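[1] Quick one, fold the following:
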Amino acid sequence: MFLGQFEPQFSFQSKRLSIPVKIRSGLLRNKVILSKGFDQCIFGYSLVGWDAQSLKHLENPISDVTSRNLRRFIFSASEEVDFDSQGRMVIPKILLEYAQITDSVTVVGAGDHFEIWSTDKWQNKINEIDTQNR
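    Modelled structure (predicted):
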C-alpha cells in the first residue's frame with residue numbers, strides 16, 4: 001500500500017527523481033511502471049499492481065469507443081522504469097511533459113499506486129479537494 005506525501009529531490013536536467021524509501025518499499029523489485037494519470041499527474045505502479053490494473057482495462061470490450069480511448073490514453077505512454085542503486089529513476093520525457101513538471105515535485109501515496117505531481121499542481125488539486133469536502 002502506498003501512503004504519504006513527499007517532496008523528494010528532482011533534477012529536471014537529468015529527469016532523475018529520488019523516490020522516497022516509504023514508496024520504494026511497496027515495490028517488489030527495483031522496477032516501476034509509470035503511466036499517464038488523471039488530472040495531469042504521473043501514476044506509478046508496482047509490477048504486480050500494474051498487471052492487476054491493466055487486466056481491469058483489458059476486460060472492457062475493444063468495440064466500445066470509450067474503452068478503446070482509455071486504453072490508448074493509459075498504455076501509449078506507459079513505461080517500465082528501473083531504479084538506480086540510490087533509489088533514483090529517470091522519468092520519461094513524454095510523462096514529464098504531460099504532467100507539466102519543470103521544477104519541484106510532490107509524490108503522494110494513493111493506495112494501490114503512487115502519483116508524481118508538479119508541486120504547484122498538487123497544491124491546487126489538494127486545495128480543490130479540501131474545498132469540495134467542506
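[2] Could you measure from K22 over to S78?
    Going from K22 to S78 by C-beta to C-beta, to the nearest Å gives 23 Å. Using the backbone N, CA and C atoms, a C-beta is placed for each residue, glycine as well.
[3] So between these two, which is more surrounded?
    Relative neighbour count places S78 above the other of K22 and S78, with 19 against 14, counting by other C-beta atoms under 10 Å.
[4] Distance of the closest residue to K93 other than its chain neighbours relative to I126?
    Leaving aside its sequence neighbours, K93 sits nearest to K15 (C-beta to C-beta, 6 or more residues apart in numbering; 6.7 Å). As for K15, its distance to I126 is 25 Å (criterion: C-beta to C-beta).
[5] Same question for S11.
    24 Å.
[6] So between those two, which is more surrounded?
    Neighbours were counted for S11 and for I126 using other C-beta under 10 Å; I126 has more, 14 against 11.
[7] which element is the more buried one on?
    With secondary structure defined by DSSP states H and E, I126 is part of helix 119-132.
[8] what's that helix packed up against?
    Contact partners of helix 119-132 among helices and strands, from 3 or more C-beta pairs under 8 Å, 6 or more residues apart in numbering; DSSP states H and E: strand 105-109.
[9] Sheet-wise, list the partners of the strand it packs on with their directions.
    In the sheet containing strand 105-109, the strands it pairs with under DSSP bridges are strand 5-6 (antiparallel), strand 114-118 (antiparallel).
[10] closest to D130 out of those strands?
    Closest of these to D130 is strand 5-6, at 13.5 Å (criterion: C-beta to C-beta).
[11] deepest of the strands paired with strand 105-109, which one?
    Across these, averaging neighbours per residue (mean count of other C-beta atoms under 10 Å) puts strand 114-118 on top, at a mean of 25.
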